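J.: Fold the following.
(chains A and B, ligands or ions: 1)
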Amino acid sequence: MNPNEAPRTRVRLRYSKAGRIRFTSHRDVARIWERSLRRTGLPVAQTEGFSPRAKLHFGLALATGYESDAEYLDVDFKRADIAVTDVLDALLSVLPDGIAATGAAVLAPGAMSLQQAVTSCDWDIELLGVTADDLARWVDRVCGATTLMVTRERKGRQITDDMAPQVRALEVGEPTSRGVRLLATLGTQPRAARPSELLAAFEPGYRPVLVRRTRQWIEQDGARLEPLEVGAAPAQRTMVGVQ
Amino acid sequence: MSELVLPLYFPKGRLVLMSLWPELELVLPEVSKPARYIGGEGGMAKPEHHPSKVSWLLAYPDTYEIGLPNQGLQILYEILNERDDAVAERAYAPWVDMEAEMRAAGLPLFSVDTHRRAADFDVLAFNLSAELVYTNVLNCIDLAGAPVRADLRGDGDLLIGAGGHCTYNPEPLADFVDFFVLGDGEEAVSEINTVVLDWKRAGKKSRQRVLRELAAVEGVYVPSLYDVVYDGPELVSITPRFADVPAVVEKRTVADLAAWPYPKHQLVPLTEVVHDRLNVEVFRGCTRGCRFCQAGMITRPVRERPAEQVRTMVADGLARSGYDEVALTSLSTADFSGIEEVVAATMDCGAGEVSVSLPSLRVDAFTVGLAAQIQRARRTGLTFAPEAGSWRMRRVINKLIDERDLYGAVESAFSQGWRRMKLYFLTGLPTETDVDTLAIGELARNCVELGKAHTKNPSVTVSLGGFVPKPFTPFQWFGQNTVAELQRKVFLLRDDIKRNRGVQMKWHDPKASLAEGIASRGDRRIGRVIEEVWRQGGTFQEWSEHFDYDRWTQAMDRHGLSVDWYVYRHRTEDEVLPWDHLSAGLHKDFLWQDWRDALNEVGLEDCRWTPCYDCGACTGYSIEHIVASAVPPAGGSQGTGQVPTDFLPPAAVAVRLSGVGTGT
Ligand code: SF4
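T.: Predicted coordinates:
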């Protein structure tokens, strides 16, 4: 049989990244997943050609140093009868400390890629060098602004964007033992806004010591969905670890 | 979590946490590639420290990416952690940005396993694989919080050790390192551990005492126990100061590699490193006898790992690591007995596609069969090392591959689908003329021509290094080419090659070869130069962006040491060499004879498949080759009777073989 016609299953995995492994890059994490999946012995589909590689489709990159409760990855399997519980079980013993698979769902054919589909992320940002009161005033100011012009450099050119539409929500969270927390929801389309950009542009003195992505969202037909809830027709949905 | 961060708010000294992680965590967002410092590799030991154990910090004095894959370090790490009375962690040289952050925050050198301070260990042991890292060794000792000079360290300070190939001339680091280990470390490390443990149990009373006891361990050299006498620039003698300290320190050799199937749990890093794949050492030692090659000379004899054990290590390693590439490592892997079967078995043992890479391929053992095997899964780059362009030059260096072999190998590779290959050459070799240098270009062009029959755009990259003579080789007496001369040869070849499409050229900076030359054959006085280059900020000297030639030459001048004396002049037969009180098993008169033979363009066959000529490496230690196959690999021109008759004068061979065997 032509391998191109082999039955395929695309599984969306949710995983967390925390602890010292947060200092690995997006590329590093991709390699970690390739090796971990190989260790499971699961029938992951491969690309054709001289250097076959596992068919993995990653979502939004997480900046090096950030933690996350909500990273996603789509994996193509070369069999139709893949059970997500088996995938999650197999991953239990092969992922390194700090990365854990926390949910999975089979995607319906034709589901949008993560990069296209995700529209916003929730962030939990721990800051040093600022009091809760100052932070609250800063939040009021940012939320009250109609435009938030941010200049960044890309390929040697200065680009100025208005971040205001990207800042969906901003509030002060419970303090930690060493600092205060800022909770933010930032848009990801057409380009994912980073918490560090927001801070650097409007309060360079605020030093984030720990940034954590807590959720990713897909806005679809007025509803806000977790990426595992999207794609599979409800009748075929197979999820683990999702409320 | 809150417990971990508490110490930040405590006055200094009230509570010292074992792990520096809470502080490092604040620094890491500021540096490039922070994953270098996090540890957490697959296969990492779970170090449990205890007063009844000797704690080792095994350090590689270069970046994490370069150091992590080092097999020697990983082997010792496992052996020590398997012991009840030892615990080992690892450290790597922090990159310059990290060093700046660490110094600014008052953070010392730390382990990547549990982020412990270096000073909390008993021993800080370095792997020395290249001379240009010496300034990093000093920097790491300093970052560890210990005085860099051994004579300023007290009882409570770390013991500083070193192993690896560079220890065959440890003199340039003699003022900074407490003890060196010559040769294979598998057995020696446990014996050293026992000595240090006794000392630790007794309360680390006298540093002098533990050093004396270490000197009694075979293969261990304690430089502070030797007197060095000079007469002007000349070295007169290096002699032990005490009767119980050996006059000559002999290297250690593991007789049978099968007894040491390490690493059993090769570390799988979380971030990208060099040689990022499973590495399985298939044999140690090499007796091809290339005269420029220190590794070949000092690691004799050849000890093959049983093919069955190779297969097990590959299968286990792939399953454990998730790698899809395995390198079968040695100094010349195509020489491994039954290599084609082992490669075939290796490729079939993974769940999916596994590719095999064979570093250090000898062209005369690279056959169509082998080419076909390794290209089955994935085409990685192919590298051959003819080392010299002309047959005459290759006779001088005893790299006895004739053109037919090289072209045969290149043809095999192109016919099996490779389109690019890399050829390694040295320039600045003894007796080299411009004819020899230009022959490199000719050879590369011919390879491209061969490729055209198989592929549209064949590409050959010539990689050219400046030759640096090394201790315990026949070329240890040779005066290195000057920077100007190496530069001239590089440009000569570059201009010659420029005209040809399909041939690219890369070369090593001749100035860096000079610095390497200073350290490679320097005596103890060179320590001052290394210290000065380091004090001026000269770390990471093997990185071209940090290498500073002027610092080296100025430091030499300032200490009244002559580059000409140390590097450029030819040494004489009767002179005392800075490593004469050490032994790699090789008889000095064997090396001298081989040096004369080189100048006479006389070759020497591989003793693996021909009778022993008593170089000393086996005979001195009552060990022998462990080689499964009684015959050399197919296609070889060396040691196979296929060597062209014009270069092995019968008389010379007869003399060398007399009393040892019958010859061929
Ligand atoms: S002692 Fe003899 S057999 Fe052993 S490496 Fe030397 S020449 Fe070869």
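
J.: which phi and psi does residue 85 have?
T.: No chain in the question, so chain A it is. phi -60, psi -40 (degrees, to the nearest 10).

J.: that's the wrong chain, I meant chain B
T.: Dihedral angles (degrees, to the nearest 10) for residue B:85: phi -110, psi 20.

J.: tell me, how many neighbours does residue 223 end up with?
T.: Went with chain A since none was named. 10 (other C-beta atoms under 10 Å in any protein chain shown). (Each C-beta comes from the backbone N, C-alpha and C, glycine too.)

J.: let's do chain B instead
T.: Residue B:223: 23 neighbours (other C-beta under 10 Å).

J.: tell me the contacts of the residue lying closest to it once chain neighbours are set aside?
T.: With sequence-adjacent residues excluded and distances taken as C-beta to C-beta, 6 or more residues apart in numbering or on different chains, residue B:223 is closest to residue B:174, at 3.6 Å. Residue B:174 is in contact with B:223-224, B:524, B:527, counting by C-beta atoms under 8 Å, 6 or more residues apart in numbering or on different chains.

J.: again, only using 10 Å
T.: Each residue near residue B:174 by C-beta atoms under 10 Å, 6 or more residues apart in numbering or on different chains is listed here: B:150, B:180, B:221-224, B:226, B:228, B:238, B:523-527, B:578.

J.: Go through the residues you listed and say which is closest to residue B:359.
T.: residue B:180 (26.6 Å; C-beta to C-beta).

J.: gap between residue A:216 and residue A:223?
T.: 15 Å (C-beta to C-beta, to the nearest Å).

J.: For stretch A:122-131, buried residues please.
T.: A:122-127, A:130 (16 or more other C-beta atoms under 10 Å in any protein chain shown).

J.: and of these, the nearest to residue B:26?
T.: Once C-beta to C-beta is applied, the member of those that ends up nearest residue B:26 is residue A:126, at 11.3 Å.

J.: The contacts of residue B:174 in helices, which ones?
T.: Members of these lying in helices (criterion: DSSP state H): B:526-527.

J.: Leaving out the residues flanking it, which one is nearest to residue A:160?
T.: residue A:151 (4.7 Å).

J.: residues in contact with the one you found?
T.: A:158-161, A:197, A:201.

J.: By neighbour count, which of the residues you listed wins?
T.: residue A:197 leads these on contacts (other C-beta under 10 Å) with 18 neighbours.

J.: Neighbours of residue B:522, how many?
T.: The burial count for residue B:522: 23, using other C-beta under 10 Å.

J.: That should have said residue B:622, apologies.
T.: Considering only other C-beta under 10 Å, residue B:622 is surrounded by 7 other residues.

J.: So the chain: which segments form each domain?
T.: All of this refers to chain A. A:9-115+A:224-238, A:117-221 (automatic domain parsing).

J.: should've been chain B
T.: B:53-250, B:277-525+B:561-621.

J.: quick one: average pLDDT of the last one?
T.: Domain B:277-525+B:561-621 shows an average pLDDT of 91 in the prediction.

J.: And the strands in the stretch 201-350 of chain B?
T.: B:220-221, B:226-231, B:234-240, B:249-250, B:278-281, B:283-284, B:303-304, B:325-329 (DSSP state E, counting those that start in this stretch).

J.: name the helices or strands packed onto the longest one?
T.: Using 3 or more C-beta pairs under 10 Å, 6 or more residues apart in numbering or on different chains; DSSP states H and E as the contact criterion, the elements in contact with strand B:234-240 are strand B:226-231.

J.: Buried residues in the strand it packs on, which are they?
T.: Buried residues in strand B:226-231 (16+ other C-beta under 10 Å): B:226, B:228.

J.: How far off centre is that strand?
T.: 28 Å (C-alpha atoms, centre = their mean, to the nearest Å).

J.: Briefly note if the longest helix along chain B comes near chain A.
T.: For chain B, the helix reaching the highest residue count under DSSP H is reported as helix B:434-452. No - Helix B:434-452 does not reach chain A (C-beta under 10 Å from any C-beta of the partner chain); its nearest approach is 17.3 Å.

J.: of all the buried residues of stretch A:122-131, which comes closest to chain B?
T.: In terms of C-beta to the nearest C-beta, no member of these lies closer to chain B than residue A:126, at 10.7 Å.

J.: Check which helices and strands the helix or strand harbouring the closest one sits against.
T.: Here residue A:126 sits within strand A:120-128, counting by DSSP states H and E. In terms of contacts (3+ C-beta pairs under 10 Å, 6+ apart), strand A:120-128 is packed against strand A:67-77, helix A:132-144, strand A:167-173, strand A:180-187, helix A:195-202, strand A:207-220.

J.: do that again at 7 Å, thanks
T.: Identification of packing neighbours for strand A:120-128 by 3 or more C-beta pairs under 7 Å, 6 or more residues apart in numbering or on different chains; DSSP states H and E yields strand A:180-187, strand A:207-220.

J.: what's in contact with the shortest one?
T.: Contacts of strand A:180-187 from elsewhere in the structure, counted by C-beta atoms under 7 Å, 6 or more residues apart in numbering or on different chains, are A:119-127, A:130, A:132, A:135, A:165-175, A:193, A:195.

J.: which residues of chain A score low on pLDDT?
T.: A:1-7, A:50, A:231-243 (pLDDT under 70).

J.: Go ahead and flag the most central residue of it.
T.: In chain A, the residue lying closest to the centroid (C-alpha atoms, centre = their mean) is residue A:71, at 3.7 Å.

J.: mind listing what the spatially most central residue of chain B touches?
T.: Among the residues of chain B, the one closest to the centroid is residue B:129, at 3.9 Å (C-alpha atoms, centre = their mean). Counting by C-beta under 7 Å, 6+ apart, residue B:129 touches B:70, B:164-166.

J.: repeat for residue B:128
T.: So residue B:128 contacts B:162, B:164, B:166-167 (C-beta under 7 Å, 6+ apart).

J.: No further questions, thank you.
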